[in-house]
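Asker: Sequence first, then the predicted structure:
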Amino acid sequence: MQLYKQSLGSGAVVGNTRSIPAGLRVSTARKHRSRNTLQTMAYATQVPMKEVPTKPIEGQKTGTSGLRKKTKVFMSDNYLGNWVQSLFNALGDEVKGQTLALGGDGRYFGKEAAQIIIKLAAGNGFKKIFVGQNAIMATPAMSAFIRRRKVYGGLIMSASHNPGGPDEDFGIKFNYGAGEPAPEKITDKIYGETQEISTLKMADIPDVDLNKLGVTKFGDFEIEIVDPIADYLATMKEVFDFDMLKKFVTRPDFSMVFDSMHAVTGPYAKAIFVDQLGAKPDSIHNGTPLPDFGGGHPDPNLTYAHDLVELQWSDKGAMLGAASDGDGDRNMVLGKKFFVSPSDSVAMIAANAQACIPYFKGGLKGVARSMPTGGALDRVAKKLNLEFFETPTGWKFFGNLMDAGKCSICGEESFGTGADHIREKDGIFAVLCWLSMLAYKNKDVPVGEKLVSVEDIATEFWNTYGRNFFSRYDYENCKSEDAEKMMSHIREVIAASPPGTKFGNFELAMADDFEYTDPIDGSVAKKQGLRFVFTDGSRIIFRLSGTGSAGATIRMYIEQYTDDKSRLKEDAQVALKDIIKVALDLSKLQEYTGRDKPTVIT
């Protein structure tokens, strides 16, 4: 199965070392170099080894989403190698004899990076590495793979929803044995190691053919190229009723469109929606993964997934429209001329899951959302008498709750939806949830009669729970110093605003810098977002995002609740107009950044 198409002509071809940093080209061509530079060694794997001298490189601070920088930075001498070696150093002797998994979203430099990582894994004592064919494996699929194969952990080469290509972004992160992103105690250790690193431990072995499925051995070190879809598909079949879904998807009066945005989910969408569920092949748009994502921005929102949005708002729109991002962990769901906000989506899934998804037939253990996410899920938890958690942004916080058996479904307003079947957010999972809701609610509707639509499901939910109008304004690539000055100003506003302070027509109930004490491990996360909560339940929140590779992204979140049935279908921007003005005025955002409008409105 060909899962990756190389469309750029810059030497990014398996076996071609032109774009691999010189310090990491350690195959047989270097056997005869002086041992003063490269010392031949033998480790437990009985594979020829080289120690490559290196030195610390600034800027390798690792966050929840790993390390993200411009691709050319990762391609520079030893940059990738330093971080991976620092990871292995941080993990210590426990990696010896373990099995690692490796994959990515297919972005530029991924194949070359995989060859470097394979050599480092062998050099640091791993006994085996699974690699997704052509270095492909979606982030949720990696989590599923780790859990099903019971491997030690996995490396994911991705910058998520950021653009790809030689002048764009690359990234890498480590997921641990439960399939979850590395905890802060590990990421902090990685950063410490990057500041002291002096040697890369690498196997002196040739590059492997990443396209050919099967096992290659060097001594007792084993590399297995695997189908990156099979384990994920098996997991999805354990969660959903594929027979019910196929019966619905193949109805002549149903249509769907899934936009893969030339990112990693194209092959997964074909395997699941087309091959398994019987959707028409042309239901998958932009389904071939490309190293530059076709020149697009693989972020499934109303701005960057504009082709899908235009289709869904035309007379040719499908009953269900959906998209996923670069590495497959985010999703956007659309009906005909209808947008489901991510905050509403996770709440609607939770409200309907027990009835229509077999995995949840015994009921939900609990639900959770990130603090900036709209509060619709809170209302579902209260009605269903479920334990509810409000966490900082970052999937690792959900993972702790899941591992403790306290959370079944969770979500973030940043188009991330997930459940405890894996330990990552999962774009295709969310789409299958919506297919399940549609299939269940239409199971008794004869062909030719009006089907229950995406909008109908949302309207039914709002009639039951009321509506949390929600919007997020993103101001991308702001000057970091300007963004920090604005956040400092907002902190001053918080300090000077006791409860009862009036902001326009809104009376303040409380304002703070959100802090979270993890109920499972007791760890404390501070400075997780500046928030203003008003007496009517409305909220304004400001955060600086750490997911970009350059500059700062200011995120402004606005929320207001109503149970007035005459307003439930009101446009969110109209409903939120007054509180948006309050947010812009109190933050002085335009004054500090010079921006008169956001880059993206969700």
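Answerer: All right, it came through fine.

Asker: mind listing the helices in the stretch 101-250 of the chain by residue range?
Answerer: 110-123, 139-149, 184-194, 230-239, 242-249 (DSSP state H, counting those that start in this stretch).

Asker: and these as JSON lines, adding mean neighbour count?
Answerer: (Each C-beta comes from the backbone N, C-alpha and C, glycine too.) Shown next, in JSON lines, are these (neighbours: other CB atoms under 10 Å):
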{"stretch": "helix 110-123", "mean neighbour count": "26"}
{"stretch": "helix 139-149", "mean neighbour count": "26"}
{"stretch": "helix 184-194", "mean neighbour count": "18"}
{"stretch": "helix 230-239", "mean neighbour count": "18"}
{"stretch": "helix 242-249", "mean neighbour count": "18"}
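
Asker: OK, contacts around the nearest residue to residue 273 once chain neighbours are set aside?
Answerer: Excluding its sequence neighbours, the residue lying closest to residue 273 (CB to CB, 6 or more residues apart in numbering) is residue 279, at 4.3 Å. When contacts are counted by CB atoms under 8 Å, 6 or more residues apart in numbering, residue 279 touches 249-250, 256, 273.

Asker: Just confirm residue 335 contacts residue 322, I think it does.
Answerer: No: between residue 335 and residue 322 there is no contact under CB atoms under 8 Å: 10.2 Å.

Asker: So which of these two has more stuff around it?
Answerer: More crowded of residue 335 and residue 322, by other CB atoms under 10 Å: residue 322, with 30 against 21.

Asker: residues contacting the spatially closest residue to residue 192 that is not a sequence neighbour?
Answerer: In space, and not counting its chain neighbours, residue 192 is closest to residue 90: 7.4 Å by CB to CB, 6+ apart. By CB under 8 Å, 6+ apart, residue 90 lies in contact with 186, 189-190, 192-193.

Asker: secondary structure class for residue 90?
Answerer: Per DSSP: H, G, I helix; E, B strand; the rest coil, the local secondary structure of residue 90 is helix.

Asker: Kindly provide the distance from it to residue 218.
Answerer: To residue 218, residue 90 is 25 Å away according to CB to CB, to the nearest Å.

Asker: Same check on residue 342?
Answerer: From residue 342 to residue 218 the distance is 45 Å (CB to CB).

Asker: higher neighbour count, those two?
Answerer: Higher neighbour count among residue 342 and residue 218: residue 342, with 28 against 19, using other CB under 10 Å.

Asker: I'd like the helices of the stretch 101-250 of the chain written out as a markdown table, with distance to residue 314 and mean pLDDT added.
Answerer: Conversion of those to a markdown table gives the following (distance: least, CB to CB, whole Å; pLDDT from 0 to 100):
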| stretch | distance to residue 314 | mean pLDDT |
| --- | --- | --- |
| helix 110-123 | 35 | 98 |
| helix 139-149 | 30 | 98 |
| helix 184-194 | 45 | 91 |
| helix 230-239 | 30 | 98 |
| helix 242-249 | 22 | 98 |
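
Asker: Turn the ones you listed into TSV, columns for distance to residue 494.
Answerer: Putting the helices of the stretch 101-250 of the chain into TSV (distance: least, CB to CB, whole Å) gives the following:
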stretch	distance to residue 494
helix 110-123	43
helix 139-149	35
helix 184-194	25
helix 230-239	42
helix 242-249	48
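
Asker: and residue 593, which of those is closest to it?
Answerer: Comparison of those against residue 593 by CB to CB identifies helix 184-194 as nearest, at 28.8 Å.

Asker: Please name every helix or strand in contact with the closest one.
Answerer: Applying 3 or more CB pairs under 8 Å, 6 or more residues apart in numbering; DSSP states H and E, one finds that helix 184-194 makes contact with helix 79-91.

Asker: pLDDT on the helix it packs on, on average?
Answerer: Across helix 79-91, the average pLDDT comes to 97.

Asker: Kindly export it (C-alpha atoms) in CSV.
Answerer: Taking Å, rounded to 0.1, in the frame of the first residue of the first chain, the C-alpha atoms of helix 79-91 are listed here in CSV:
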residue,chain,number,x,y,z
TYR,A,79,19.4,19.1,15.8
LEU,A,80,17.1,16.1,15.5
GLY,A,81,19.7,13.7,16.8
ASN,A,82,20.4,15.8,19.9
TRP,A,83,16.8,15.8,20.9
VAL,A,84,16.2,12.1,20.3
GLN,A,85,19.5,11.2,22.1
SER,A,86,18.4,13.5,25.0
LEU,A,87,15.1,11.7,25.2
PHE,A,88,16.8,8.3,25.4
ASN,A,89,19.3,9.7,28.0
ALA,A,90,16.3,11.1,30.0
LEU,A,91,14.6,7.7,29.9
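
Asker: who's in contact with residue 244?
Answerer: 436, 439-440, 443.

Asker: got it, and residue 163?
Answerer: By CB under 8 Å, 6+ apart, the neighbours of residue 163 are 169, 292-293, 296-298.

Asker: any idea which of those has the most stuff around it?
Answerer: Sorting these by how many neighbours each has (other CB under 10 Å) puts residue 298 first, at 34 neighbours.

Asker: so how far is residue 536 from that one?
Answerer: According to CB to CB, residue 298 and residue 536 sit 37 Å apart.

Asker: same thing with residue 88?
Answerer: From residue 88 across to residue 536, the span is 52 Å (CB to CB).

Asker: of those two, who's got more company?
Answerer: With neighbours defined as other CB under 10 Å, residue 88 and residue 536 compare such that residue 88 has more, 21 against 14.

Asker: which residues does the residue lying closest to that one once chain neighbours are set aside contact?
Answerer: Excluding the flanking residues, the one nearest residue 88 by CB to CB, 6+ apart is residue 124, at 4.3 Å. Contacts for residue 124 were tallied using CB under 8 Å, 6+ apart; they are 85, 88, 95, 201.

Asker: Tell me the one of these nearest residue 232?
Answerer: Looking across these and measuring by CB to CB, the closest to residue 232 is residue 95, at 24.8 Å.

Asker: what about that closest one, neighbour count?
Answerer: Counted with other CB under 10 Å, the neighbours of residue 95 add up to 20.

Asker: Now for the residue nearest to residue 215 when sequence neighbours are not counted: which residues touch it?
Answerer: Leaving aside its sequence neighbours, residue 215 sits nearest to residue 224 (CB to CB, 6+ apart; 4.8 Å). Contact partners of residue 224, counting by CB under 8 Å, 6+ apart, are 128-131, 214-216.

Asker: make it 7 Å
Answerer: Remark: with contacts taken as CB atoms under 7 Å, 6 or more residues apart in numbering, residue 224 is in contact with 128, 130, 215.

Asker: so the last one touches residue 209, yeah?
Answerer: So that's residue 215. No: between residue 215 and residue 209 there is no contact under CB atoms under 7 Å: 11.8 Å.

Asker: Name the residue in the two with the higher neighbour count.
Answerer: Higher neighbour count among residue 215 and residue 209: residue 209, with 14 against 10, using other CB under 10 Å.

Asker: can you pull the pLDDT of that one?
Answerer: Reported pLDDT for residue 209: 98.

Asker: Can you list phi and psi of it for me?
Answerer: Main-chain dihedrals, residue 209, degrees, to the nearest 10: phi -80, psi 110.
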